[in-house]
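[1] Compute the structure for the input listed below.
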Amino acid sequence: MARPLGYQDYRNFVTVIEKAKEACNNSGYNDKNHFVEFTELIRTGKGARRPVEAFRLSRYACYLIIQNADPSKDLVAGRPDLLRDPDPPPGTGGPAG
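    Just a heads-up that it's a prediction; the model follows:
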């Protein structure tokens with residue numbers, strides 16, 4: 001999700017993820033239900049593999065990431081419809097679930 005949003009440096013995108021997780025918790029939802037961390041092995045230029053941190057995201061997590069992304073990024077600035085609030089699925093650890 002980092003590259004489509006215009007983040008070339010993943011370190012900058014991690015800050016957005018942390019803000020989105022905080023927003024999730026502040027909304028009364030458990031961020032662990034929406035941002036699932038795992039380790040993925042990627043192939044380097046010489047064929048070796050190295051572990052990298054990755055996330056599986058719920059639809060609500062994606063919404064929160066876009067909401068907390070840099071508004072000057074092209075995709076975020078040009079698509080206000082992406083900020084439409086989705087209803088988190090029932091049973092995801094939120095106030096009503």
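
[2] shaky segments in the protein?
    Applying pLDDT under 70 to the chain flags residues 75-97.

[3] can you give me the strands for it?
    Using DSSP state E, the strands of the chain run over 35-43, 49-57.

[4] What distance do you get for the nearest residue to residue 49 once chain neighbours are set aside to residue 52?
    Once flanking residues are discounted, residue 49 sits nearest to residue 41: 4.5 Å by CB to CB, 6 or more residues apart in numbering. C-beta: built from backbone N, CA, C; applies to glycine. The gap separating residue 41 from residue 52 is 8 Å, by CB to CB, to the nearest Å.

[5] who touches both of those two?
    By CB atoms under 8 Å, 6 or more residues apart in numbering, residue 41 and residue 52 have no common neighbours.

[6] wait, what's in contact with residue 16?
    So residue 16 contacts 5, 7, 65, 68, 69, 70 (CB under 8 Å, 6+ apart).

[7] For residue 20, the count of nearby residues, please.
    By other CB atoms under 10 Å, 24 other residues sit near residue 20.

[8] in the single longest helix found in the chain, what's buried?
    Longest among the helix segments of the chain by residue count, using DSSP state H, is helix 10-26. Of the residues in helix 10-26, 13, 16, 17, 20, 21, 23, 24 count as buried by neighbour count, 16 or more other CB atoms under 10 Å.

[9] now that helix and strand 35-43, what's the angle there?
    160 degrees (axes from the mean of the first three to the mean of the last three CA atoms, to 10 degrees).

[10] CA atoms only for helix 10-26, dumped as PDB, please.
    Output in PDB follows, covering the C-alpha atoms of helix 10-26 (Å, rounded to 0.1, in the frame of the first residue of the first chain):
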ATOM      1  CA  TYR A  10       9.000   2.600   3.700                       C
ATOM      2  CA  ARG A  11      10.300   4.200   6.800                       C
ATOM      3  CA  ASN A  12       8.100   7.200   6.200                       C
ATOM      4  CA  PHE A  13       5.100   4.900   5.600                       C
ATOM      5  CA  VAL A  14       5.600   3.200   9.000                       C
ATOM      6  CA  THR A  15       4.800   6.500  10.700                       C
ATOM      7  CA  VAL A  16       1.500   6.600   8.800                       C
ATOM      8  CA  ILE A  17       0.700   3.000  10.000                       C
ATOM      9  CA  GLU A  18       1.500   3.900  13.600                       C
ATOM     10  CA  LYS A  19      -0.900   6.900  13.400                       C
ATOM     11  CA  ALA A  20      -3.600   4.800  11.800                       C
ATOM     12  CA  LYS A  21      -3.200   2.200  14.600                       C
ATOM     13  CA  GLU A  22      -3.500   4.900  17.200                       C
ATOM     14  CA  ALA A  23      -6.700   6.200  15.500                       C
ATOM     15  CA  CYS A  24      -8.000   2.700  15.400                       C
ATOM     16  CA  ASN A  25      -7.500   2.400  19.200                       C
ATOM     17  CA  ASN A  26      -8.900   5.900  19.800                       C
END
